[in-house]
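>>> Pasted the sequence and its predicted model underneath.
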Amino acid sequence: MSDRPQDLGIGIARGVGGFFKKSVFGFSDSFSKFTGSLGKGLAVATMDRKFQDRRRANMTRNRPKHAMYGVTQGVNQFGTSLASGVVGLVKRPMEGASQEGVGGFVTGMGRGLVGVVTKPVVGMFDLANNVSQGVRNTTTIFDVNSIDRLRLPRYIAGDGILRPYSQREALGQSWLKDLENGKFFNELYIAHCILATNEMAAILTNTRILVINTRKSTLEWQEHFSDIETLQIKQSGILIKPRSARGEPYIPIPELSTAKWFFAKIEDTVAQWGEQQNIES
């Protein structure tokens, strides 16, 4: 045990610093959860699904790592919410009128008025939420456990065999797990391909085909294997014919070789799914 006077001072300083750090972390964490809950509740009140989806994707993908980033992200979020409210005041009545006439115009006007009031408030709560998250994360920025992951989690196929790390498969699996806030987390990723629009991708799981927006982490459409009647490969993609009498989903794949590869993956996976259904029945 050291008997130097300066050691006592260092110990006290460390104790006070640790107490201050934990106090700041605790307060900012609680305030972040509070403002986040209020913002989420008010976002639902806007009755604008696209606004809610964009907000959720932003909050999920752009978590502030420190206070300065929190301020920047919060100001951007507030600006986006304010702009959405003003645009919605004009756009919602026009959309309502084109779909339902006079009644739709009145409904759209009501929703636009609600949005122009609530969306800026949502933006203010999101600003406070981002700032408080940034302050909270600043207190742990130099902690050993706060170091960011250098690569995405390894993809392990359904057979459980450990294969060499694949960045492509890890990325596809990550898209699936993050999609719609984890809605398809328990699905088993099989394969994916990028579509004609770079922001879009088709993901094949052990039970369905999904087409997603990779930037927004949102679902465009899905087809469960039980709803598929036939599949056809075309020069520029894959056509799905569902069992029910409705539209035929199309997966636009610019390269024929990629379309053939993905088509074969779908056929094999659907066949395995069918065999499993027969065993279970």
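Here it is on my side, so go on.

>>> so how far is Thr205 from the spatially closest residue to Ser236 that is not a sequence neighbour?
Closest residue to Ser236 apart from its sequence neighbours, by C-beta to C-beta, 6 or more residues apart in numbering: Pro252 at 6.2 Å. Every residue, glycine included, has its C-beta placed from N, CA and C. According to C-beta to C-beta, to the nearest Å, Pro252 and Thr205 sit 20 Å apart.

>>> Please say which of these two ends up with more neighbours.
Legend: neighbour count by other C-beta atoms under 10 Å for Pro252 and Thr205, higher for Thr205 (21 against 15).

>>> Pick out the residue nearest the middle of the chain.
Ser217 (3.9 Å; C-alpha atoms, centre = their mean).

>>> so that residue touches Leu176, yeah?
No: here Ser217 does not reach Leu176: they are 10.1 Å apart, not a contact under C-beta atoms under 8 Å.

>>> So for stretch 217-231, what gets flagged as buried?
By neighbour count with 16 or more other C-beta atoms under 10 Å, stretch 217-231 contains the buried residues Ser217, Thr218, Leu219, Gln222, Glu223, Phe225, Ile228, Leu231.

>>> From start to finish, how long is that stretch in a straight line?
By C-alpha to C-alpha, to the nearest Å, the extent of stretch 217-231 from end to end equals 26 Å.

>>> what does that stretch contact?
53, 57, 60-61, 175, 178-180, 183, 200, 207-213, 238-244, 249, 263, 266-267, 269-270, 273-274 (C-beta atoms under 8 Å, 6 or more residues apart in numbering).

>>> just stretch 256-269 next, same as before
Applying C-beta under 8 Å, 6+ apart, the contact partners of stretch 256-269 are 190-191, 193, 202, 204, 206, 209, 225, 231, 233-238, 251, 253.

>>> can you rerun that using 6 Å?
Ile190, Ala191, Cys193, Leu204, Ile233, Gly237, Ile238, Ile253 (C-beta atoms under 6 Å, 6 or more residues apart in numbering).

>>> Among the buried residues of stretch 217-231, which are located in strands?
Thr218, Leu219, Gln222, Glu223, Ile228, Leu231 (DSSP state E).

>>> What is the nearest of those to Met68?
Nearest to Met68 out of those is Thr218 (C-beta to C-beta; 28.8 Å).

>>> Please name the bridge partners of the closest one.
Asn213 (DSSP bridges).

>>> Show the pLDDT at it.
Model confidence at Thr218, given as pLDDT, is 91.

>>> separation between it and Pro164?
In terms of C-beta to C-beta, Thr218 sits 31 Å off from Pro164.

>>> Name the residues that touch stretch 160-178?
Outside stretch 160-178, the residues that reach it (C-beta under 6 Å, 6+ apart) are Leu152, Arg154, Tyr155, Phe184, Phe185, Tyr189, His192, Ile203, Thr214, Ser217.

>>> need the residues you listed in TSV with distance to Val121 and secondary structure, can you?
Supplementary listing: the contacts of stretch 160-178 in TSV, determined by distance: C-beta to C-beta, whole Å; DSSP: H, G, I helix; E, B strand; the rest coil:
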residue	distance to Val121	secondary structure
Leu152	36	coil
Arg154	43	coil
Tyr155	42	coil
Phe184	32	coil
Phe185	31	coil
Tyr189	39	strand
His192	38	strand
Ile203	36	strand
Thr214	30	coil
Ser217	25	coil
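
>>> Out of these, flag the one nearest to Val44.
Within the contacts of stretch 160-178, proximity to Val44 (C-beta to C-beta) peaks at Ser217, which comes in at 18.7 Å.
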